[in-house]
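S.K.: kindly generate the corresponding structure for this input.
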Amino acid sequence: MMSGQNKYDVIVLMSSYNGEKYIEEQIESIFKQENVKVKLIIRDDGSNDSSIEIINRLTNIYDIKLINGTNMGAKASFFELIRICPKSKYVAFCDQDDFWKKDKLYTAVKKLEDYQTTPSMYFSNLCVVNENLVGNKNMFNHLSSTNLGQSLTYNTVVGCTLVINFPLLCIIKKSLSINPCCYHDQWISLVCSCVNGIKIVDNEPHILYRQHGSNCVGAEENIIKKIKKSSFFAGKNFRSQIAKQLDDCLGDLVKADNKEVLNIVLSYKSSLTCKFKLIFSGYNNNGFFSKLTFIVTVLLNLY
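M.R.: Below you'll find the predicted structure:
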C-alpha cells in the first residue's frame, strides 16, 4: 500500500439519476480504491428519489462534490461534467450502479503514467453481473484499440471503464464548443483517435457491471440500445454528423491522416471515389453480416 503523499490523485465523474438502490454501494467501492486519492464529482440529473439525501450523507465521510442539476439526460450530463471538471492528472468516469474492484483506478493510472505528455486514454473489459453482483461473464471476448474510421463505425469503449490523462482532458474540453451527438465514451475515443493519442486496452475486467431493470444505460437490453445508437441502427447519417462535428470543433488538431478519414466520410455521398474508399477501408471487420450491413449503409448514403 502506498503512503498518502505518494498516492495518485484521480477525479471521478458520475452522473446520477434516481439511483437510490445501488449508488451508496458504488460510491463505497470508489473510495476503497487502492493506491489512489479520489475526489468524486457527482452531477445529479434531477433525481426525485432519495439519491441526493444518500449522497449528501456520504459527503460527510468522503471527498464528494455534489452538483444539483436539472434533468438533461445522461449524455448531456456527462458532457457538462467534463466542461466543469477541474485540472487533474487523471480523470475517470463512473456509473451510479456498478461495483469497482479495488485495483481498478490504480491499474489504469499505472498504465497511463508512461504517457504523461501525450493525450492518452485507458479502457477495459467488464465483468457482467446481476443485481446481486453475481456472475463472471466478460462483456467482450476480446477488446482491441481502434483507429478513427473504426471508432466512427462502432464503439467498444464503455464509459465506466474509461480513464483519461490531463492532455486528453484539455482537448476534450476544447472539443465541447459543440454538443456531440454521440455518448461521451465514444466521443472521447474519437477525439483521441483524431489527434493520434494513445489508447490503452485492458482485456481484464476491473469492474462488476451490474445489470438490472432500472439501468439508464446498463441492463443488457439497454446496452443493446446504446450500441445501436453508435452502430448501423443509429439513424440516417449519424457517423457523417459526428465526422462533421469533429472536423468543426477540432480543426487543425486533427492529424493529417485522420483529416483524410474525415474528408472521405464527409464526401462519400458526392464522390464515387470516396464511396469506394469507405467501402474498402477495413473500418468494419466484425463478421459477414456486419460487413454487409456496413456496405449497404454506405451505398444507400446512410453512413
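S.K.: okay, and the helix or strand of this structure with the least pLDDT?
M.R.: Within the chain, confidence by mean pLDDT, DSSP states H and E is lowest for helix 220-229 among all helices and strands, at a mean of 47.
S.K.: which element follows it toward the C-terminus?
M.R.: helix 238-250 (DSSP states H and E).
S.K.: excluding its backbone neighbours, what's nearest Lys137?
M.R.: Spatially, and ignoring its direct neighbours in sequence, Lys137 is nearest to Val128 (5.0 Å; C-beta to C-beta, 6 or more residues apart in numbering). Any C-beta I mention is one placed from the backbone N, CA and C, and that applies to glycine too.
S.K.: that neighbour - that's part of a strand, no?
M.R.: Yes: checked against DSSP: H, G, I helix; E, B strand; the rest coil, Val128 lies within a strand.
S.K.: hmm, it is touching His212, no?
M.R.: No: Val128 is beyond contact range of His212, at 11.5 Å (criterion: C-beta atoms under 8 Å).
S.K.: these two - which one has more neighbours?
M.R.: Set Val128 next to His212 and count neighbours by other C-beta atoms under 10 Å: Val128 wins out with 19 against 15.
S.K.: state the distance from that one to Glu25.
M.R.: From Val128 over to Glu25 the distance is 17 Å, taken as C-beta to C-beta, to the nearest Å.
S.K.: do the same with Leu272
M.R.: With C-beta to C-beta as the criterion, Leu272 and Glu25 are 55 Å apart.
S.K.: now the helices for the stretch 51-200 of the chain?
M.R.: Listed in chain order, the helices of the stretch 51-200 of the chain (DSSP state H, counting those that start in this stretch) span 51-58, 74-84, 104-112, 148-153, 166-175, 184-194.
S.K.: between the second one and helix 184-194, how many degrees?
M.R.: Put simply, helix 74-84 runs at 50 degrees to helix 184-194, going by axes from the mean of the first three to the mean of the last three C-alpha atoms, to 10 degrees.
S.K.: make 489 the starting number, not 1.
M.R.: In the new numbering, first residue 489, that becomes helix 562-572.
S.K.: outside of helix 562-572, which residues touch it?
M.R.: Around helix 562-572, the neighbours that count as contacts under C-beta atoms under 8 Å, 6 or more residues apart in numbering are 501-503, 505, 529, 531, 533, 555, 557, 560, 581, 647, 657, 660-661, 664, 667-668, 670-672, 675, 704-705.
S.K.: of these, select the buried ones using a ChimeraX command.
M.R.: To isolate the buried members of the contacts of helix 562-572 in ChimeraX, using 16 or more other C-beta atoms under 10 Å:
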select :501,502,503,505,529,531,533,557,581,647,657,660,664,668,670,671,672,675,704,705
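S.K.: give me the most central residue, this protein.
M.R.: Centroid check for the chain by C-alpha atoms, centre = their mean gives Asp673 as the closest residue, at 1.9 Å.
S.K.: ok, it touching Val645?
M.R.: Yes: between Asp673 and Val645 there is a contact at 4.6 Å, judged by C-beta under 8 Å.
S.K.: what touches both of the two?
M.R.: Phe611.
S.K.: farthest from the middle of the chain: give me that residue.
M.R.: Leu760 (33.5 Å).
S.K.: how near is that residue to Ile652?
M.R.: From Leu760 to Ile652 the distance is 39 Å (C-beta to C-beta).
S.K.: give me the distance between the two termini of stretch 544-561.
M.R.: With C-alpha to C-alpha, to the nearest Å as the measure, the ends of stretch 544-561 fall 21 Å from one another.
S.K.: just for the stretch 639-788 of the chain, where's the confidence low?
M.R.: Along the stretch 639-788 of the chain, the model assigns pLDDT under 70 to residues 702-724.
S.K.: let's see 50
M.R.: Applying pLDDT under 50 to the stretch 639-788 of the chain picks out residues 704-709, 711-712, 714-719.
S.K.: report the contact partners of Ser677.
M.R.: Met609, Phe611, Thr634, Ser639, Asn643, Val645, Lys687.
S.K.: which among those count as buried?
M.R.: Of these, these count as buried by 16+ other C-beta under 10 Å: Met609, Phe611, Thr634, Ser639, Asn643, Val645, Lys687.
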